[in-house]
Structure formats: structure tokens, C-alpha cells
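> 3D, please:
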Amino acid sequence: MKRLALWLGIVILVVPQVAAAYDNTQDTLNRAKAAMHGGRYADARAGFERLAQAGNPEAQFYLGRMAAGGMGVSKDLGAAISGLMVYLGDELGLYKVISADVSIQPELSDFTWTDFDRSVELVEKGVEAAEAALPELKRLVRPGD
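Have a look, this model is predicted:
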């Protein structure tokens, strides 16, 4: 019972923070888009860059759009294509996950994209996830077994 109360306490503390972070990201994105459409390109660029540095592909797309149109920056086809490719890569990845027969997704919430020195741990997480998916993979390969 104490364990359940502890987990509920953690959920009650963490969920609002996660939701607030999402709302803040969405709010920043919306403000940056409004700034771009309103011709306030420096404000738009600052908002999109902040989100892009945090890994937001939609912000990358808008930075590319600004580069393509010369909105507050010199026209730069390379930057425009780069921003679009990041966005499309993310969208394609989401589509592939949604349409896949089996999706193996290791639990990596304890890692960041800079954790190159933890490669052994990352591989172990991948192996664990793959082993957990084996029954489903076998069912797909040999449906009669």
C-alpha cells in the first residue's frame, strides 16, 4: 500500500510538470509562428532556434522556411533544405512507427543524445527491448506456431 501511495505521489508531482513543459513548448512555437507571420523575424527566429536546439523538428522546419524566403536572414537554400529534411525525417519516422507490425522501442528516458559514453548501456536497453518483442516477432514470422 505504501508503494502505491508513493507511485501516486510521484505521478501527481510529475504529470503536471510534463504537461506544463509541453504547453510551454507549444506556446513558444505558436508565439514564434505569430511573430514570423507578423514580420517580427528576429523574435520568430529566436523562438524557433530555442526550440530547434531542444530537438523540436517543427521549429527546424520553420527555420528552414525563413531561410528559404529570406525572412529576416539572407536566403539560404542549404539551410532551407536542411530544416525541411529534419522535419520530414521526423514525420517519416513517426509514420514508420505507426505503420510497423512491431515497434521495438527501448526505454531510454534516462539518456540524452549526448550520452555517447554510455553506449554499452544503450545497447543493453536495445537488447532488452528486442528480447521482449521476440514472441510477437515469432508470431508474425510463423503465424501457425
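
> and the residue nearest to Arg118 when sequence neighbours are not counted, helix, strand or coil?
Distances taken as Cβ to Cβ, 6 or more residues apart in numbering place Phe111 nearest to Arg118, at 6.4 Å, with adjacent residues excluded. To be clear about C-beta, it is placed using only N, CA and C from the backbone, and glycine gets the same treatment. At Phe111 the chain is in coil, as set by DSSP: H, G, I helix; E, B strand; the rest coil.

> for Phe111, phi and psi?
phi -120, psi 160 (degrees, to the nearest 10).

> doesn't Leu122 make contact with it?
Yes: look at Phe111 against Leu122 with Cβ atoms under 8 Å: they come within range, at 6.4 Å.

> Any idea which helix or strand in this protein has the lowest mean pLDDT?
When the helices and strands of the chain are scored by mean pLDDT, DSSP states H and E, helix 2-37 comes last with a mean of 63.
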